[in-house]
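Chemist: the following block contains a protein sequence and its predicted model.
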Amino acid sequence: MTPAYSLLPTDWTAVCKTLGLPAFRAKQILQGLYKDCISSWEALTTLPGTIREQLAIEYPLTALKEVTRTPSGIDGVTKFLLEAQDGERIETVWIPADGRVTQCISSQVGCNMHCAFCASGQLGCVRSLTADEIVSQVMVLSKAMGTYPNNIVVMGMGEPFMNYDNVLRALRILNAQQGPNIGARHITISTCGIVPGIEKLAQEGVQFELSVSLHAPNDEIRNKLMPVNKRWHIQELLVACDAYTAQTGRIITYEYTLVHHLNDRRQHADMLIQLLRKRKARVNLIPLSPVEEFEGKTPPHADCLAFLDALLKAGIHTTMRRSRGKQADAACGQLRLRKIKEANHGTKE
């Protein structure tokens, strides 16, 4: 048994041959899966009933189930909590802006990287998602919202490079012309800094964007925020990033969450400038989205602007992310964590 969404579009020709079907059936299958967004093989009425029955047995459509849908009510951001067949739950977020839509998808159930300000890692990683489950996030929301997203960011729950093969296979499916056909340069993989993953991706020959969570200008601060830094320190990470850019020609985006009085002072900006000024780099500043389990505070807006101004004056391409989706628990892992706590609280009572 092979889940349908785990197959590359090019695989369906071989499947049809194995099933003794003419080649044109592959086009009908792809039309049903990715254009009509069928939720069951029974709905693909261009195929004879016997074929639909066989596909349902051998290539099941195991879409994730929508549990809750939480809109922010202000900016159009909607967070979905989805449930897999084994009952595990993951998050994905629909983010409209300027006539386009970005979907933030998850790669694991939880996360083992334990970044200080990330709710995804509070309960650890239960398991990695299959390629089928990663693609299904996009298919479920596309059907619910009536359109595919324009952009995909693998920035939800989990560390993508700790589930490398499934993530890459899923993204190739989402990128495929006969699939959802989301452009490679509109797909971003975000890593906390898994150096072997960056090195491996550089050799894949893909044009996906790479985003690296830096969040600190030196090892002392980064060690506090990101345990991964104790394995691959900043200089080792930057060397891998430089090699990635040299190999692919792609400019890396460095994510930098601003935490009041921890990494948001002018001296921190100066240190960050020294790290990046001679590199092909973009910086995305993110005012902290508060998480219960992290005592850090969001800096005043004026401090965020001062940090932004310092980087821009140093010639570093920098943007500041507008805080969105707070009412939807849109920060990584917040909705899943809240639901688990509510369930546990109910059990104790």
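Modeler: Yep, it's here. Quick caveat, the model's predicted, so the values are computed rather than measured. Numbering: from 1, shown residues only.
Chemist: give me the most central residue, the chain.
Modeler: residue 154 (1.6 Å; C-alpha atoms, centre = their mean).
Chemist: can you give me the strands in the stretch 201-349 of the chain?
Modeler: Secondary structure of the stretch 201-349 of the chain (DSSP state E, counting those that start in this stretch): strands located at 209-213, 252-258, 281-287, 317-320.
Chemist: would CSV of those with mean pLDDT be doable?
Modeler: As requested, the strands of the stretch 201-349 of the chain are exported to CSV (pLDDT from 0 to 100):
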stretch, mean pLDDT
strand 209-213, 98
strand 252-258, 98
strand 281-287, 97
strand 317-320, 97
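Chemist: okay if I get these as CSV plus distance to residue 18 and mean neighbour count?
Modeler: Heads up, the C-betas are built off the backbone N, CA and C, glycines and all. Shown next, in CSV, are those (distance: least, C-beta to C-beta, whole Å; neighbours: other C-beta atoms under 10 Å):
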stretch, distance to residue 18, mean neighbour count
strand 209-213, 36, 21
strand 252-258, 41, 23
strand 281-287, 46, 20
strand 317-320, 49, 17
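Chemist: make CSV out of those and add distance to residue 44.
Modeler: As requested, the strands of the stretch 201-349 of the chain are exported to CSV (distance: least, C-beta to C-beta, whole Å):
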stretch, distance to residue 44
strand 209-213, 34
strand 252-258, 40
strand 281-287, 41
strand 317-320, 43
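Chemist: relative to residue 145, which of these is closest?
Modeler: Proximity to residue 145 (C-beta to C-beta) singles out strand 209-213 among the strands of the stretch 201-349 of the chain, at 22.6 Å.
Chemist: listing partners with orientation, what would you give for that closest one?
Modeler: Taking DSSP bridges as the criterion, strand 209-213 pairs within the sheet with strand 187-191 (parallel), strand 252-258 (parallel).
Chemist: save those as TSV, and put in distance to residue 62 too.
Modeler: Output for these, formatted as TSV (distance: least, C-beta to C-beta, whole Å):
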stretch	distance to residue 62
strand 187-191	23
strand 252-258	32
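Chemist: to residue 61, which of the ones you listed lies closest?
Modeler: strand 187-191 (23.0 Å).
Chemist: hmm, who's touching that closest one?
Modeler: 151-155, 159-161, 167, 171, 174-175, 197-198, 201, 208-213, 253, 255 (C-beta atoms under 8 Å, 6 or more residues apart in numbering).
Chemist: buried stuff in stretch 294-314?
Modeler: Applying a neighbour-count criterion of 16 or more other C-beta atoms under 10 Å, one finds 294, 296, 298-299, 303-304, 307-308, 310-311 buried in stretch 294-314.
Chemist: contacts for that stretch next, please.
Modeler: 116-117, 258-262, 264, 266, 268-270, 272-273, 277, 283, 285, 287-290, 318, 320.
Chemist: how far off centre is stretch 173-193?
Modeler: Averaging C-alpha positions (C-alpha atoms, centre = their mean, to the nearest Å) puts stretch 173-193 10 Å from its chain's average.
Chemist: so which residues of the protein form helices?
Modeler: For the chain, the helices defined by DSSP state H cover 11-18, 24-30, 49-58, 131-145, 164-175, 195-201, 219-225, 234-248, 266-276, 301-313, 334-348.
Chemist: quick one: buried residues of the third one?
Modeler: Of the residues in helix 49-58, 51-52, 54-55 count as buried by neighbour count, 16+ other C-beta under 10 Å.
Chemist: which one of those residues is nearest residue 91?
Modeler: Set against residue 91, the nearest of the buried residues of helix 49-58 by C-beta to C-beta is residue 55 (29.7 Å).
Chemist: burial of the nearest residue in space to the closest one that is not next to it in sequence, as a residue count?
Modeler: Take residue 55 and drop its neighbours on the chain: the residue closest to it by C-beta to C-beta, 6 or more residues apart in numbering is residue 41, 4.7 Å away. Residues near residue 41, counting by other C-beta atoms under 10 Å, number 22.
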